[in-house]
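Peer 1: Kindly return the folded structure for what I paste below:
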Amino acid sequence: MLQVRVTTRAAWIGAMAAILTLPQAAGAVKIGDITHLQGSRSNKLTGMGLVMGLKGSGDGGKFAPALRSLARLYRNYGIDAATLDELRNAKNVAIVEVEATLPQEGVREGDRVDVRVVSAGGAKSLAGGQLFMTPLVSGNPMDTRVMAVASGPLQLPDPEMPTVARIAQGATVERDFIHNYVALGRELAVYAVRSASRPLEWLQADERYVTFVIEEAHAEWSIAHTIAQCINEEALVSDMDTGEGDQGQLAVAFDPRTVIVRLPRADWDNPAPFVFRLEKMQLIMPLTEARVVIDRTSGTIVVKGDVEISPVALTHKSLTIVTTMTGGPEPAPGTPRTSTGSFLAVDPQHRGGAKLMDLLEALNQLKVPAEDRIGIIENLHKGGQLHANLIVQH
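Peer 2: Predicted structure coming up:
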């Protein structure tokens, strides 16, 4: 049994004791909860436009691109506009970059989406401005079709960044964006990586497939295998599959994020019911990789799986962390930094051994700041005492 002690430099602040626990599998989840269909993705539309109505905070006469755009706009509307020299005092106009992000489920003609507007010139602020009607195009330089049109009054989400604005529901979509979730075998990216060492004989060029992409937080071989196994077992006891031999294998885990599923011929004309059945299928999550995700900006620590800590003595600022085997040698009583003190019951029910969650719970009771908790975890990982994959996000 492992014992965990947390002390100050002057005295023991607390100690934590626990017993190793048997691992437990997580509850049942639906396949659709942790995956998305390949082909389901967001798209960005961009354009350059003019913001008008600014209260003297625009680009001004020193920024010629804005003035040329204004003069061109006048001409497009049949206004015999002035020259650039005559527009040099126009400080109520700013040239901007306009961006709209389309949802991953696609959009239809007439739908409206939010717009982000960023100053592209010398404007000091976009507050109070109005975006003039701006055409938006896709990121494909070969496609010049207008996909949406943006306009409307600007709002500043952050007063500290007055040159970045948004327009709620500010762009009207002019064309349908319809995603294709079904692909022929030869169209799949994995079809091109076939080799003598990985022939991929189960992948047929003229069959039709859907691909489930596992969300990054769940991307593991164990998860991918479990999803494929669940689909194949369901196919054996239902009318889901009409194939024979090797063709009867519906799903294959290609890598930790990809599960490819053959679409039965009976569902080629209408794949929606088949995909619905798969997404609603429940599976018992296997024991997953022990993982600790740290977000330095917010001070958030996320612990996934059964993260254990080896016996170790670690000092961080005013704290000393000591984990020892119960019944083993205690820290020397003559050491100035440590002396016997009160115990903090971290695991009174004896649920587990030296677990990171026990340590974090004790640090929380001691009101240790998030920055120090993160430092302790990083030092444990650096020394090899933290048995988990550590991911640090900045």
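Peer 1: model confidence over the longest helix belonging to the chain, on average?
Peer 2: For the chain, the helix that runs over the most residues, judged by DSSP state H, is helix 221-236. The predicted model gives helix 221-236 an average pLDDT of 89.
Peer 1: quick one: contacts of it?
Peer 2: 31, 34-35, 212, 214, 240-241, 248-259, 261, 278, 281, 283-289 (CB atoms under 8 Å, 6 or more residues apart in numbering). To be clear about C-beta, it is placed using only N, CA and C from the backbone, and glycine gets the same treatment.
Peer 1: Taking these, please make a ChimeraX selection of just the buried ones.
Peer 2: To isolate the buried members of the contacts of helix 221-236 in ChimeraX, using 16 or more other CB atoms under 10 Å:
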select :31,34,35,212,214,240,241,250,251,252,253,254,256,257,258,259,261,278,281,283,288
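Peer 1: Mind checking which of the contacts of helix 221-236 are in helices?
Peer 2: Per DSSP H, these map to helices at 31, 34, 278.
Peer 1: And the first one, how close does it get to residue 276?
Peer 2: As judged by CB to CB, to the nearest Å, residue 31 and residue 276 stand 11 Å apart.
Peer 1: before we move on, what about residue 289?
Peer 2: For residue 289, the distance to residue 276 - CB to CB - is 30 Å.
Peer 1: which regions of the protein lie under the pLDDT threshold?
Peer 2: 1-28, 60-64, 66-67, 70-71, 73-89, 237-248, 287, 314, 316, 321-353 (pLDDT under 70).
Peer 1: which non-adjacent residue is nearest the most centrally placed residue in it?
Peer 2: For the chain, residue 216 is the residue whose C-alpha lies nearest the centre (CA atoms, centre = their mean; 7.1 Å). Of all residues beyond its chain neighbours, the one nearest residue 216 is residue 257 (7.4 Å), with distances taken as CB to CB, 6 or more residues apart in numbering.
Peer 1: One more: residue 169?
Peer 2: residue 112 (4.1 Å).
Peer 1: Equivalent analysis for residue 94, please.
Peer 2: The nearest residue in space to residue 94 (CB to CB, 6+ apart) is residue 123, at 3.7 Å.
Peer 1: With residue 393 as the reference, measure out to that neighbour.
Peer 2: 33 Å.
Peer 1: Also residue 283?
Peer 2: For residue 283 relative to residue 393 (CB to CB), the value is 28 Å.
Peer 1: swap in residue 98?
Peer 2: 29 Å.
Peer 1: Please identify which of the two sits among more neighbours.
Peer 2: Under the criterion of other CB atoms under 10 Å, the comparison of residue 98 against residue 393 puts residue 98 first, with 26 against 11.
Peer 1: What are the buried residues along the helix or strand where the more buried one lies?
Peer 2: According to DSSP states H and E, residue 98 maps onto strand 94-102. Residues of strand 94-102 classed as buried by neighbour count (16+ other CB under 10 Å): 94-96, 98-100, 102.
Peer 1: I'd like to know which of those residues is nearest to residue 46.
Peer 2: Set against residue 46, the nearest of those by CB to CB is residue 99 (5.2 Å).
Peer 1: What is the three-state secondary structure of the closest residue in space to residue 151 that isn't next to it in sequence?
Peer 2: Nearest residue to residue 151 in three dimensions, chain neighbours excluded: residue 133, at 4.4 Å (CB to CB, 6+ apart). Using DSSP: H, G, I helix; E, B strand; the rest coil, the three-state assignment for residue 133 comes out as strand.
Peer 1: Surely residue 291 touches residue 306?
Peer 2: No: assessed by CB atoms under 8 Å, residue 291 is found out of contact with residue 306, at 10.6 Å.
Peer 1: and the two? which has more neighbours close in?
Peer 2: With neighbours defined as other CB under 10 Å, residue 291 and residue 306 compare such that residue 306 has more, 20 against 16.
Peer 1: quick one: the more buried one and residue 355, what's the gap?
Peer 2: 7 Å.
Peer 1: same question, residue 107
Peer 2: 46 Å.
Peer 1: again with residue 44
Peer 2: From residue 44 to residue 355 the distance is 43 Å (CB to CB).
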